[in-house]
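>>> structural data only, the sequence is not supplied:
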């Protein structure tokens, strides 16, 4: 009888250990995949194409098209740049909304420009939604709401980031 109990106990310990190792490996694999995606996103925001698009959205769009229309009605260049920025932030919003990425990472990295981009693009996006009865850039909108509720400065403070201002040149 004692041999059966010992055998059962060893089997249960082996099962629990195997389950724990499988869970650890799955978690590690998931983190690696998400990290690769985030690093690709960081790299993408340094491309000339993205930098031109975000500059256009933040500084030129309101001047060139002050009267908002559904963004698909804009000239090709404007439409392409809006989609470049909007879909990038929309993809980040998907990762945050589904819990794949901690929102503090995205808010800390992109918060200011993301919120400003949404503020400028929202009229064009909402008109697009009305005109075509669909909901483009919904995750981008949610992410912008998260940034408006939790500013980048708050994230920096929560993380305990330090400041090191320049010294006076003497």
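That came through, no problem. Predicted, not measured: the structure shown is a model, and the values here were computed from it.
>>> CA atoms for contacts and neighbours, from now on please.
Fine.
>>> now residue 51: which helix or strand?
Element membership for residue 51 (DSSP states H and E) is helix 48-55.
>>> I meant residue 90, not that one.
Residue 90 belongs to helix 76-97 when assigned by DSSP H and E.
>>> equivalent analysis for residue 166, please.
Counting by DSSP H and E, residue 166 is found in no helix or strand.
>>> please list all residues in contact with it.
Not one residue lies near residue 166 by CA atoms under 8 Å, 6 or more residues apart in numbering.
>>> and the helix holding residue 51, how far from the chain's centre?
Taking the mean C-alpha point of helix 48-55 and that of its whole chain, the gap between them comes to 17 Å (CA atoms, centre = their mean, to the nearest Å).
>>> start at 55 instead
Yep, numbering from 55; the last one is helix 102-109 now.
>>> same for that helix, what does it pack against?
Contacts defined by 3 or more CA pairs under 8 Å, 6 or more residues apart in numbering; DSSP states H and E place helix 102-109 against helix 130-151.
>>> centre-most residue in the protein?
Nearest to the geometric centre of the chain sits residue 146, at 2.5 Å (CA atoms, centre = their mean).
>>> list the residues that contact that residue.
With contact taken as CA under 8 Å, 6+ apart, residue 146 is in contact with 160, 193, 194, 197.
>>> switch to 10 Å and redo it
91, 92, 95, 140, 154, 155, 157, 160, 164, 193, 194, 197 (CA atoms under 10 Å, 6 or more residues apart in numbering).
>>> narrow those to those in helices?
Of the contacts of residue 146, the ones assigned to helices by DSSP state H are 91, 92, 95, 140, 157, 160, 164, 193, 194, 197.
>>> who wins on neighbours among those residues?
With neighbours set by other CA atoms under 10 Å, the maximum within the ones in helices among the contacts of residue 146 is found at residue 197, which has 28 neighbours.
>>> for that residue, which non-adjacent residue is spatially closest?
residue 147 (5.2 Å; CA to CA, 6 or more residues apart in numbering).
>>> tell me, how many residues neighbour that neighbour?
24.
>>> and residue 126, by the same measure?
Neighbouring residues of residue 126 were enumerated by other CA under 10 Å; the total is 18.
>>> wait, what's in contact with the residue lying closest to it once chain neighbours are set aside?
The shortest distance from residue 126 to any residue that is not its chain neighbour, by CA to CA, 6+ apart, is 6.0 Å, and that residue is residue 133. The neighbours of residue 133, taking CA under 10 Å, 6+ apart as the test, are 107, 124, 125, 126, 127.
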